[in-house]
Structures are given as C-alpha cells and as structure tokens.
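In: Sequence plus the predicted model coming up.
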There are 2 protein chains.
Amino acid sequence: MTLDAAPRTRSGGRAARRALRTATDFTMLPGVRNKLPTCEFLSGAEIERIDAASMDILENVGVVFRDDIALADWRAAGAKVQGERVYFDRGLIRDLMATIPATLTLHARDPEKSVKLGGRDAIFVPMTGAPYLRDLDDVRRNPTLDDLAMFHKLSHMLPALHSSAHHIVEPYDHPISQRHLRITYSSMKHSDKTFMGMTTSPRNAEDVIEMCRILFGSDFIDTHPVVTGNCNGNSPLVWDETMLGAMRAFARANQPVLCSPFVLGGANTPASVAASVAQLNAEALSALAYTQVIRRGAPAIYGHYLSTVSMKSGAPMAGTPEISLMNFMIGQMARFYGVPWRTSNTLGGAKTFDAQAGYESATTLSATLHAGAHYIWHSAGWNEAGMHCSVAKFIVDAEQCAMAHRMAQGVSFDDFDAALAAVRDVGPGGHYLGHPHTQENFQTAFFMPQMFDNNSIEQWQAEGSTEITARALVYARKLLSDYEEPKLDPAKDEELRAFIAKRETDIPASDELNQTF
Amino acid sequence: MTLDAAPRTRSGGRAARRALRTATDFTMLPGVRNKLPTCEFLSGAEIERIDAASMDILENVGVVFRDDIALADWRAAGAKVQGERVYFDRGLIRDLMATIPATLTLHARDPEKSVKLGGRDAIFVPMTGAPYLRDLDDVRRNPTLDDLAMFHKLSHMLPALHSSAHHIVEPYDHPISQRHLRITYSSMKHSDKTFMGMTTSPRNAEDVIEMCRILFGSDFIDTHPVVTGNCNGNSPLVWDETMLGAMRAFARANQPVLCSPFVLGGANTPASVAASVAQLNAEALSALAYTQVIRRGAPAIYGHYLSTVSMKSGAPMAGTPEISLMNFMIGQMARFYGVPWRTSNTLGGAKTFDAQAGYESATTLSATLHAGAHYIWHSAGWNEAGMHCSVAKFIVDAEQCAMAHRMAQGVSFDDFDAALAAVRDVGPGGHYLGHPHTQENFQTAFFMPQMFDNNSIEQWQAEGSTEITARALVYARKLLSDYEEPKLDPAKDEELRAFIAKRETDIPASDELNQTF
C-alpha cells in the first residue's frame, strides 16, 4: 500500500498506546482484542442440532434467489433449482463455507488504521441508514450531505470507532440516483479510517468498487479487503436481485460481503428463539456459500440484523433478553463454521435520547461483547429503531465503545506486586490517594468517562443542571471545531472527483427519496 | 413455618408460572435460576494468585477490628492480636470459611415467596439507604415513612423484586433513634416477601431480630434464615464496632450477614484492578471468618460495595469497565471459596433519570448476571450515587430485572421441532404472524417490555411525546392504586406494634438526621 500522502502525525503505535490510556485523545484505538471468554451458552449438541435444522431447511425447504444470474450460478455449482427456489445439498454448503477466510484485515487509507476481524479481533462501526438526524441542537429533521460529512468527521475523531461507515444519515439534498457517489466520497475524504460501500444497486456497488480502485490502486484491492458491502436478506429465506447483484460486485472484487438476514423475530421467523436462529442460520449460510460460488476464497462475513417484534404493535424491539440470547447463539454458530461475524450494536426504539435509549444500548453492547462479535455495526448514534441518528447519542455511544474496548482488554497482573506493596505501605485505615503507586497509575487504572457526570448535585446544579444530551452536544461542537481533515493525495482526490463528475453525467438525476436501514 | 394467616391467593406455583409468562401480573417471579455460563475471566492460576495475595495480607498486614469483643473472640480463636490489629493464619481462615453454607434459603412470611441463594440461584433486592427520593412527581426531596411504605408496596408488587429490603429511603419524619423499628415494621407489613434488617447499631440489630422472632417464631428463626444484615467494612482493612456488634446480633441468631467491604477503587484500594480485588477479598474473608467465630455454621454472604473513584473529583463512578471486570473476578473468588455472593446492581451517578442512568444501570445489571452474583442488591431505584431513590427508575429497573430473569432462563428447545414445522409451512417469502404456532407462542416467545416505547414517532407524538420517566410514573401510580396489603396475622401485628411501642418508650427520641448508604 503506497498511499504516501496519508498523514502519520496523528497515528502510529506510540500514539495508539497513548489513546489506550486517555479518552480525550483523537487517535484511533487499536481494534478490539477481546480477551473476555465468549458466552458459550449452547451445548455442543445444541449447536449441532441447530446446524442440522438449518441444513434440513436448506435441503428440503430451499431458499429463493430472485435473480437469474444467481440461479444460473447455483445450477452450475450443482444445487437443485426449481423456479426461483434453490435446494442445497449440505455437503455443497459445507464445501463452499470451507473456503471463507476465518479472519481478515480491512485496510484503511492510513495503514495505521487498518483493522483485523475474526477470532478475537473486533471493530466498532457507527450506525448507518438513518432517514432523519437529531442534530447539534437535538432537532429532528432530514439530513443533508453536510450532516453526513459531520458524522464522518465525528467518526474520524472518536477513538473507539474504527470505521467511517457510509450513509450514516441519508443526504436528502442530493438526487438519490447519484447519492452513492457523494456518500462514498464523503467517507473517503473526511476520514482515513476504513469505511463501507453502498449496495443500493449492483451498478452503485460497481461505482464504489471503482472509487476504491482509484483510492487504493486496482492491484491492491484485488488482494486486500478495503471496503465492506452489506447485503440484507429478505427473511424468511429470500435473497433479492438488488442485493445479489451488489454481492457479486463486492465478491468478484474480493471485497467482504456482510451476509445479513434481516430478522424481525416473530414476524418473519417463528415465535421461537431456537427456531429463529436455525432459520437465520440457514439464510446466512445460503448467502455465505453464494459468495464462494462468485469467487472462491473471497472474504465474507456472517451477518444479521435482529429485532424481536412487539406482538401488540408490530414494532421492532431492542434491548430485550431474547436478542441477547440470540446474539450469544449466533456467535456460537459463526465460530462453529469458522467465519467472521457481524452483529448490530446499540439498537433501540426510543424517540429521544432518554433512559430507554441508555438501557437498550448498553444491554446490546454488553451482549455483543460477551457474544464475541467481530464486526460490531450500528455502534454509535442509532435511535428510534434506526429512523434517526442522534449526534448526542453518537458521542455517548462512542464513549461506551471505548469503555467496552477497555473491558475487552481484561485485567493486567503486571503491576500486581507493586500494587500489593502499596497495600502493605498504606495498611489498615490509611488511604491511597497520596501514595506514589496511585500517583503513577491513577490515569490508567480506572476509566473516567467524560460523558457521565459523577459530581455532587450541588456542583452539577452550579454547572447548569445539564443532562447527558446537552453535555454530549457541547462535546460534539468541540470535536468539530478541533477537526483536522486527514490529507488525501491531491491526484487521487482529483481522480475521484472526475469519476464522480463523469458518473453524474451518465446517471440521470432522480428526485425521489429513499429510506433504507 | 406456620404463618397460616399468610395469604395464598396471589401466589402459588401456578401463579408463579403465569408470572413467568407475563410482566403485567403482580405475582412474584421465582428466584433467578441462572443458566448463563459465568464469565470465567481469571485463569485458575490467577485465582490462586489473588487468594495467595489475600492470605498474605491477612497474615502479614492484618486487619483492624475496632471492637473489644471481636478482639477477644479472635484471641480465643487462635489469631494473633496486637492492639486492634488481628493477624490470621491462612489455615485458620480456611478452616472457618469451610463451615459457611454454600447455599441458603431466605424464608419469607409467605412461604411461596421464600427464595434460594447460592450456586445457580439468585435474587433481586431493591436499593436501600437513600437520603432523598425523586417522588411520584419526580421532585427531589427528603423522604418520609409514607414514602418508605410506598417503596415497600412497589417492591411487593413488582414481580422481579424478591425482597422488600429495609430503609429503601430514610424516613426523615421519625426520630433516628427509633427509626429502625418503623422501617422493619414497614418492610414486614407492606410486603410478604423477604426483607433486610437494620444494622445501624448492635442494639438496633437486636430489635430487628426480636421482631423477626415475633413474626416467624423464635424456634423457626434459630434454624431458618429470615432476614439479612449488611455490615460494611471500612476499607482498607478495618471493621468498626457498630458493624461488628450488628454482625454478632445476626450471626448469633443464625441469620445471614452480608460481609461487605466498602470499596472506592483508587481511594481506599490501590490504583490497580487486580490488587483492589486482592485487598477486598482479604477484607471479606476476615469478616466471613468472624461470622464463624461467632456461630459456627451460621449462614454468611461474601459482599462488597464497589465504585471506582474519579481522580479528577474524587466522586464515585459506576458503569465503568473496571467495575464489570471486578464483578467477574469477585464472582470467581466467591465460587473458589464456595460461599454465596452479594454484589450491587444498577449503580450510577446521574442526577436525573436520563440516558446516563440507563447506560450505567444496564451495564451493571449485565455484569452482575454474567458474573453469577447471588444476592443482587440495589436492583431498583438507585441514582445519584445512592443519594436518591427514583420512583420512575425503581419501576424501570424492576422491569430490567424481569428481562434479566428471562435471559437467565436461557433458551428452550422444547418446541424446536414444532417451530421448525412452521418454517416448512411458511416457506420462503411468507410471514408468520397468522401461523397457528405464532398465535400459540407469541405471548411467551419474546419479552415485551412495558416501559420501553417502540411505537412510531407519529404514534408516540399522538400519545403525548412522553419520555420514559413520565411513563414509569404513570405506571407507578397505577400499581399503587391496585395495591392490596398482604394480610398479616392480627395477633402478630399487635405483638409487633406492642414491641415497637415499648421500645419507643425505652429509647429516647433523637432528632438528628442520618445518611447511610
């Protein structure tokens, strides 16, 4: 990788170590190295039972691929195709799954910000797809390209976010038919972290890949993952043409696809946790296997979007116990197949950034960490079932991710003996605040969240009685005023702009809106 | 147990099963039977290293017991006593620890509400000790006996709370010297769940035990735990006279003591997670061992209160990664010694019931569950570092506990085959809402939180745009209007009142305030 224009001043190993110690530094934290034991909830026999049920679904119920090319591909690969429905022999599925790499590195344009996925390695990726934002004044409105740029800048600066994603919010001020170009450029321009690629059509996906070729070089991207493409399944057991075409664009270019059944538990799965997982697993396997039909050995990621549905209103729910349990179970299934695994973080249905949002988000974050997820998407900003991205919540969620990052590191015994010497020095009834060991270690020993106010009520009142939303918005403004654009090689920048200009000439400007999740 | 006046109508096995299925029922949920794997974070060697460090502290640094009786007891038990400091041979500690029962049953006056502790069995106990409340109008003020009664009524009605605790809030309208009598009576009168006993002085603890003898019968309580007494340690490595005297009152009466070092990590422990745990563990062991000096075989519970301290302000912090890690570690230590373990839940420092409170509480709740805690105290209402108990948060926390209760049950495969048959029926592209399996199972398959609003923003606006605080307060008022006092045997009631009247004649009324945690 030869992007020598990428700035090094704010990154590097030493800065990364400093970022590990203080939350005020803007340096990206290294990827999460999760030392927590995963919550191995299912027995081996139960894992095999779910696997067998999924294989039975794949063999005997089949999966609909609403796409002629995919159907032809499957026929050629040896599956039984009847109409749009594909029936897979479990041996074929296992054979195809076997070539998916267990781990991968997502390369960023600043190589110091490249991150690993799989095994014990995980990353936090902000939310995407919100048709509204709650802005710097906490006003709910439709977003613009400037709002999107703001979120890309915040993603760039918040240390625990490892990606600038793509359409964090939908930029309503640009024609939908050309929006993918501006979104991709914004991700590339305002951050030098890794990012995501639009999959809103096969052609749009091709444009993203072309822009990645410009940014990273054609040869480089053919052998190195630089962008992820999410393809949602249409549960139960359907993959649509748009998603399959986008999947082909990414997999052919050797870029990792998130194969994500879109589950509303109880509505498009049975009212049963274990059977929902079996169906979701069959859906994910069918798409993961298809990536290997497209390009053997291409990276691919087991994914899902997962809500349970209120049987009173049909509304998606989050932060519920079954979602945590399903996360534990799906994590086990992904490890059973030996593939990296994407889940969703900080989901929730609150309309404002109230305590509901806090409970939902923290519950989900904890579950993703104990479940051993790798690609932890929607890790900042999500609220109102994804209908809006909240600036305030974006800031707080990112600090929650920083705390989870710390927790995942576990506990060091390196200074255990020195600290025990302090116990002997201080003795019964003493205190540690003045002890040299405390003075040397207090900055690193215990995480001090900036967004939590732990002062006395008197001090809190003296400082204006601000709740967390207001505090986070102050901090967001401060971050944005400190923002420094990571320098993009001017030649590449020009080439990207020329590509966009050409494509925007080719593509007629539409004026319809689009709301995706 | 022969409290035949205890009402049975709202309890019983069938009602308990119904309560498992629906959150609107007031029937107490059974104790938590935690099927989640515990987060075994420390290696066996690390557990032994902490144990060895704690034993070294006990043998060579010693623990101060500021109490002549305890010092005499320890001398008689074979420990080395120098001044107020006691040095313990590790063999003595292990010998005393060996007789603490690994599990126990806390007997409630309604025997259907008796609960198990230890092993896989856990209970949720509401917060206690708040000098302020946020009331039914979310106004922060000093509490009264009526406010305390309100919280005891809510504890009685909220299904996932297994105890009415004791002074959830400090009743400021009654003289402090007599308050323990009124608090204990309120716990006993307004709920037939188990409760806690005041430990504000040795004599007060004796009064509690005497009232328990009246309620349960002297013979019964000598052989059955009916009340817990919390004794806080004065970290580092000090136990005070008040707590030790109260400990003796409880242990002599064969009632379980929570032996709880009071840790402000970094202030009264070293700035090191592992060494903080080693110190806390030594403190807990010294008190647990002392319960066995008092009465061999008496039940006792490994406890702690645990914050980390902001090195900027000295304020206690909650919801931080080190607190979760310490919970995992302390859980492992308690299992290593084979004793039941108390921790604290839903701690936090927010001044209002905002998103901070939600994050802090959910993070802590998740950690206590994965840590395998047994006596999960402060499970409802805690806010502002324990300075106030919030009615709104009490309601929401209790629902969070209900969700944790559900999660702890894990996943049933009982209807797996039937649900998979639904997958075959529905097939690709169908939906499950009308399927008979869904109709039969939707009420139990996925938890539907009442306090979370998951409706569309349009519907939410049409319903008044209420945040969770307002919704919870509406629900609290509804609960209180539905409250039915669990009938207390009139003869016992009269005897309790006569005892209180006599003691309030004996004890001069003081008018000072008291703020305890």
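Out: On my side now, so go ahead. Numbering: from 1, shown residues only, chains lettered A, B, ... in the order given.

In: From residue A:190, how far off is the residue nearest to residue A:483 when sequence neighbours are not counted?
Out: Leaving aside its sequence neighbours, residue A:483 sits nearest to residue A:153 (Cβ to Cβ, 6 or more residues apart in numbering or on different chains; 4.8 Å). For glycine as for every other residue, the C-beta is placed from the backbone atoms N, C-alpha and C. To residue A:190, residue A:153 is 5 Å away according to Cβ to Cβ, to the nearest Å.

In: What backbone torsions are found at residue A:303?
Out: Main-chain torsions, residue A:303, degrees, to the nearest 10: phi -130, psi 180.

In: Look at it and report its pLDDT.
Out: For residue A:303, the pLDDT comes out at 96.

In: circling back: how near is the residue nearest to residue A:483 to chain B?
Out: 23 Å (Cβ to the nearest Cβ, to the nearest Å).

In: Any regions of chain A where pLDDT drops low?
Out: Regions of chain A meeting the criterion pLDDT under 70 cover residues A:1-24, A:511-517.

In: Which single residue of it ends up nearest chain B?
Out: Closest residue of chain A to chain B, Cβ to the nearest Cβ: residue A:358 (2.2 Å).

In: host element of the closest residue to that residue other than its chain neighbours?
Out: Residue nearest to residue A:358 in three dimensions, not counting chain neighbours: residue B:358, with 2.2 Å by Cβ to Cβ, 6+ apart. According to DSSP states H and E, residue B:358 maps onto helix B:355-371.

In: helix or strand right after that helix?
Out: Next along from helix B:355-371, by DSSP H and E: strand B:375-377.

In: what does the helix or strand just after that following strand rub up against?
Out: The C-terminal neighbour of strand B:375-377 among helices and strands, as given by DSSP H and E, is strand B:382-383. Strand B:382-383 has contacts (Cβ atoms under 8 Å, 6 or more residues apart in numbering or on different chains) with B:127, B:130, B:134, B:345-348, B:350-353, B:357, B:361, B:389-390, B:393, B:397.

In: partner strands of strand B:382-383, parallel or antiparallel?
Out: Here strand B:382-383 is paired, per DSSP bridges, with strand B:388-390 (antiparallel).

In: which outside residues touch the partner strand?
Out: Residues outside strand B:388-390 that contact it (Cβ under 8 Å, 6+ apart) are B:127, B:130-134, B:138, B:140, B:143, B:151, B:168-169, B:353, B:357, B:381-383.

In: relative to helix B:355-371, how tilted is the next helix-or-strand element following that strand?
Out: Following strand B:388-390 in sequence order, the next helix or strand is helix B:391-408 (DSSP H and E). Helix B:391-408 runs at 30 degrees relative to helix B:355-371, counting by axes from the mean of the first three to the mean of the last three Cα atoms, to 10 degrees.

In: looking at this, residue A:105 is in a strand?
Out: Yes. The assignment for residue A:105 (DSSP: H, G, I helix; E, B strand; the rest coil) places it in a strand.

In: and it, bridged to which residues?
Out: In beta-bridge terms (that is, DSSP bridges), residue A:105 pairs with residue A:116.

In: So it sits against residue A:113, correct?
Out: No. Residue A:105 lies out of contact with residue A:113 (Cβ atoms under 8 Å); the separation is 11.2 Å.

In: higher neighbour count, these two?
Out: Neighbours were counted for residue A:105 and for residue A:113 using other Cβ atoms under 10 Å in any protein chain shown; residue A:113 has more, 25 against 18.

In: Distance of the more buried one relative to residue A:26?
Out: According to Cβ to Cβ, residue A:113 stands 12 Å off from residue A:26.

In: same check, this time on residue A:451
Out: Distance, residue A:451 to residue A:26, by Cβ to Cβ: 16 Å.

In: So the two - more neighbours on which side?
Out: Neighbour tally, residue A:451 and residue A:26, criterion other Cβ under 10 Å: the higher count belongs to residue A:451, 19 against 15.

In: The more buried one and residue A:399 touch, don't they?
Out: Yes. Residue A:451 is within contact range of residue A:399, at 5.0 Å (criterion: Cβ under 8 Å).

In: related to what we said a few turns ago, would it be right to say that the residue nearest to residue A:483 lies in a helix?
Out: Yes. The assignment for residue A:153 (three-state DSSP) places it in a helix.

In: Counting neighbours, what do you get for it?
Out: 22.

In: quick one: contacts for it?
Out: Residue A:153 makes contact with A:190-191, A:479-480, A:483 under the criterion Cβ under 8 Å, 6+ apart.

In: continuing past the helix or strand hosting residue A:215, what's the next helix or strand?
Out: Per DSSP H and E: residue A:215 is located in helix A:202-216. Next along the chain after helix A:202-216, taking DSSP H and E as the criterion, comes helix A:218-223.

In: Can you mark which positions in that following helix are buried?
Out: Neighbour-count burial for helix A:218-223, with 16 or more other Cβ atoms under 10 Å in any protein chain shown as criterion, is recorded at A:220-221.

In: Identify all contacting residues around it.
Out: Contact partners of helix A:218-223, identified using Cβ under 8 Å, 6+ apart, comprise A:1, A:107, A:209, A:212-213, A:226-227, A:253-255.

In: Taking these, please make a ChimeraX selection of just the buried ones.
Out: Selecting only the buried entries of the contacts of helix A:218-223 in ChimeraX, with 16+ other Cβ under 10 Å as the criterion:
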select /A:107,209,212,213,226,227,253,254,255
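
In: Please work out the angle formed by the directions of the helix or strand where residue A:502 lies and helix A:202-216.
Out: Here residue A:502, judged by DSSP H and E, is contained in helix A:490-506. If you take the same axes, to 10 degrees, helix A:490-506 sits at 160 degrees to helix A:202-216.

In: What helices and strands are in contact with helix A:490-506?
Out: On a contact count with 3 or more Cβ pairs under 8 Å, 6 or more residues apart in numbering or on different chains; DSSP states H and E, helix A:490-506 meets helix A:176-190, helix A:202-216.

In: right, and those - which one's nearest residue B:508?
Out: helix A:176-190 (71.2 Å; Cβ to Cβ).

In: Pull the distance from that closest one to the chain's centre.
Out: Mean C-alpha position of helix A:176-190 versus that of the full chain (Cα atoms, centre = their mean, to the nearest Å) differs by 18 Å.

In: Next, the buried residues of the helix or strand that that helix is followed by.
Out: Downstream of helix A:176-190, the next assigned helix or strand under DSSP H and E is strand A:195-197. In terms of neighbour count (16+ other Cβ under 10 Å), strand A:195-197 has its buried residues at A:195-197.

In: Now cross-check the residues you listed against chain B and list the overlap.
Out: The subset of the buried residues of strand A:195-197 within reach of chain B, counting by Cβ under 8 Å from any Cβ of the partner chain, is empty.

In: Looks like residue A:86 contacts residue A:66 (just checking).
Out: No. With contact defined as Cβ under 8 Å, residue A:86 does not reach residue A:66; the gap is 10.8 Å.

In: In terms of neighbours, single out the busier of these two.
Out: residue A:86 (26 against 17).

In: Can the host helix or strand of that one be said to contact chain B?
Out: Here residue A:86, judged by DSSP H and E, is contained in strand A:85-87. Yes. Strand A:85-87 is in contact with chain B by Cβ under 8 Å from any Cβ, via residue A:85.

In: which residues touch that strand?
Out: Strand A:85-87 is contacted by residues A:58-60, A:62-65, A:71, A:74, A:79-81, A:286, B:428 when judged by Cβ under 8 Å, 6+ apart.

In: cutoff 10 Å now
Out: Surrounding strand A:85-87, the residues in contact under the criterion Cβ atoms under 10 Å, 6 or more residues apart in numbering or on different chains are A:58-65, A:70-71, A:73-75, A:77, A:79-81, A:237-239, A:286, A:289-290, B:427-429.

In: Around chain B, pick out the residues from the stretch 101-250 of chain A.
Out: Applying Cβ under 10 Å from any Cβ of the partner chain, we find that the stretch 101-250 of chain A lies next to chain B at A:132, A:140, A:234-239.

In: I'd like to know which of those is nearest to residue A:369.
Out: Comparing those against residue A:369 with Cβ to Cβ places residue A:235 closest, at 25.4 Å.
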